Each structure stands twice: as C-alpha cells, then as structure tokens.
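Undergrad: Just the structure for this:
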Amino acid sequence: MNPFFQFVKDLSDRLGSGFSSLNQNDPSKIAYMRNLEREMKYREVLDIPFDELNVVVFDLETTGFYPYKGDEILSIGAVKVQGTNILDEETFYSLVYSDTGPSQEVEELTGITQEMLKEADSLRDVLKGFYSFIRSDVLVAHHANHEKQFMNHATWLALRKKFQHRIVDTNFLTKIAHQELSSLDECCAHYDISIEQRHHALDDAKATAKLWVECIREIKSLNFMNLQDVYTYLATSSSR
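TA: So this is what the prediction gives:
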C-alpha cells in the first residue's frame, strides 16, 4: 500500500467518522485533514490499472458556455464503464426543470423544448440522482472543462456542496497518439464511432464511452498502464 495512503487511513481511523474528534474551533486542522483525504483518493485513482478502473462517462447539454453568467444545465446523460467494458444497462439520463427554456438555436441543436423542461425534475433532485448513480467513481468527459464548470456551479447552487469528483478528459488521451484530434466529432470519426443522436446527453455520453475504451486500448499498447502514466507523460511533454 502507498505509504501516504496508509498514513492517512490510519489517521482517519483514529479520528473516527466525520472528523468528530477534531477541534471544531481549529479550521486549519479541519482543512488539513480534508485535504489529506482528497489527496488520498487522488493517489489511489492514479495508480489503478486501466483494466480495473471503474468510471462514469457523462455529458451535459446546456443553454450556453458560462454557468456563472446564467447559463443552465438542460440535461445530464451518463454510462458506466468497467475497465474496457461499457455497461449499456447502467445508464443515467434526465432533463432538468427550467421555467424559461433554451433559446431557439439551442432548441434546434438539442431537440429540448421549454415544454419538456417544465415537466422535468428540479436541478436538486436530478443532481441527487446523478450522485447516487456515480457514487465515488471517476468521471470522464470530452473537453471536460465545460462539464467541470457547470458541475461546480450547479452542485453549489442546488446542494450547497463542493463538487469534488475527479473528471478525466478523453481529449488528454487522444493527444498522446493523435495530436491533431480535438472535437468529439473528429475523435469519433477517427475511431469509426457512430453517434446515434448528436447533442443528446446520453447518446454523446455513450459515444464518449466508446472513445474512452478505444483510447485506453491504444495507449496501453504504448505502455501507458494507468492515469499516473498519462499525467506524467503530459506534464513532461508540456515542459519540453
């Protein structure tokens, strides 16, 4: 076991559940322990072999690109992947309630109408269902910064919780072997992956899951065995 992991595990066991034995008047100690817990989970994930790594590949449809300027999540779609096996029966999809609805341009792009959103569950309920679905699995998305921004904002807005899941960007993996590939359409075309309905959150998530699997198979042939190998390579490459 990683010595750091063992240290934090032992320390957490001694402290008990929920930091209850910490001095609640010492925020620096609480912050320190929470940071250690996050780092423990982070290091565990990086070392897991790709064949054993469980992930949830997800996609968001949104009204725009700027959650902190009023753009909203319209729908969430996700599918589970164990190693290189896509679990087609393990999926999540939900529209998100809105009393305003998308612009005409976004409606034409996604097929999501205001009437559909008025019948949907609230953001709070959708996120609670989504987090129940993903549990502690690593999240995967294509050009993941978009998803991360919206999840950060929405999780705090609806649940008053910080978004702490790791999101791995499939674009990082494609860059290892194919620097020229960028968009989801380009990547899927390269690997001969069809998308049943583009800009539908679940269909895009399923396509991204297939992309994840193809990328894993390809980079494993280049001796990348886990995420630690990927991040080490990317960090080294960017410093050249």
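
Undergrad: And what about the residue nearest to Tyr68 when sequence neighbours are not counted, helix, strand or coil?
TA: The shortest distance from Tyr68 to any residue that is not its chain neighbour, by CB to CB, 6 or more residues apart in numbering, is 6.1 Å, and that residue is His153. For the C-beta atoms, the positions are set from N, CA and C on the backbone; glycine is no exception. In terms of secondary structure, His153 is helix; the call rests on DSSP: H, G, I helix; E, B strand; the rest coil.

Undergrad: now His153: how far from Lys220?
TA: 35 Å (CB to CB, to the nearest Å).

Undergrad: repeat for Arg198
TA: As for Arg198, its distance to Lys220 is 28 Å (criterion: CB to CB).

Undergrad: who has more neighbours, these two?
TA: When neighbours are counted by other CB atoms under 10 Å, Arg198 and Lys220 differ, and Lys220 comes out ahead with 16 against 13.

Undergrad: What is the burial count for the nearest residue to the more buried one once chain neighbours are set aside?
TA: Spatially, and ignoring its direct neighbours in sequence, Lys220 is nearest to Phe50 (6.2 Å; CB to CB, 6+ apart). When counting by other CB under 10 Å, one arrives at 21 neighbours for Phe50.

Undergrad: what's near enough to touch Phe50?
TA: In this structure, Phe50 makes contact with 83-84, 216, 220, 224-226, judged by CB atoms under 8 Å, 6 or more residues apart in numbering.

Undergrad: what do you get for Asp88?
TA: By CB under 8 Å, 6+ apart, the contact set of Asp88 is 79, 206.

Undergrad: Which secondary structure state does it sit in?
TA: Asp88 carries the three-state label strand when classified by three-state DSSP.

Undergrad: Compute the distance between it and Asp51, please.
TA: In this structure, Asp88 and Asp51 are separated by 19 Å, where distance is defined by CB to CB.

Undergrad: which non-adjacent residue is nearest the residue most central in space within the chain?
TA: Here the mean C-alpha position of the chain is nearest to the C-alpha of Leu139 (CA atoms, centre = their mean), at a distance of 2.9 Å. Take Leu139 and drop its neighbours on the chain: the residue closest to it by CB to CB, 6+ apart is Ile167, 4.5 Å away.

Undergrad: cool, Asp99 as well?
TA: Residue nearest to Asp99 in three dimensions, not counting chain neighbours: Lys118, with 6.9 Å by CB to CB, 6+ apart.

Undergrad: That neighbour: how many residues sit nearby?
TA: Counted by other CB under 10 Å, the residues lying close to Lys118 total 13.

Undergrad: Please apply the same query to Lys210.
TA: Summarising burial for Lys210: neighbours were counted as other CB under 10 Å, giving 20.

Undergrad: still on that earlier bit, with distance to Lys128 and pLDDT as new columns, can the contacts of Phe50 be given to me in JSON lines?
TA: What follows is the contacts of Phe50, written out as JSON lines (distance: CB to CB, whole Å; pLDDT from 0 to 100):
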{"residue": "Gly83", "distance to Lys128": "28", "pLDDT": "96"}
{"residue": "Thr84", "distance to Lys128": "30", "pLDDT": "96"}
{"residue": "Ile216", "distance to Lys128": "30", "pLDDT": "96"}
{"residue": "Lys220", "distance to Lys128": "36", "pLDDT": "96"}
{"residue": "Phe224", "distance to Lys128": "35", "pLDDT": "96"}
{"residue": "Met225", "distance to Lys128": "35", "pLDDT": "96"}
{"residue": "Asn226", "distance to Lys128": "31", "pLDDT": "95"}
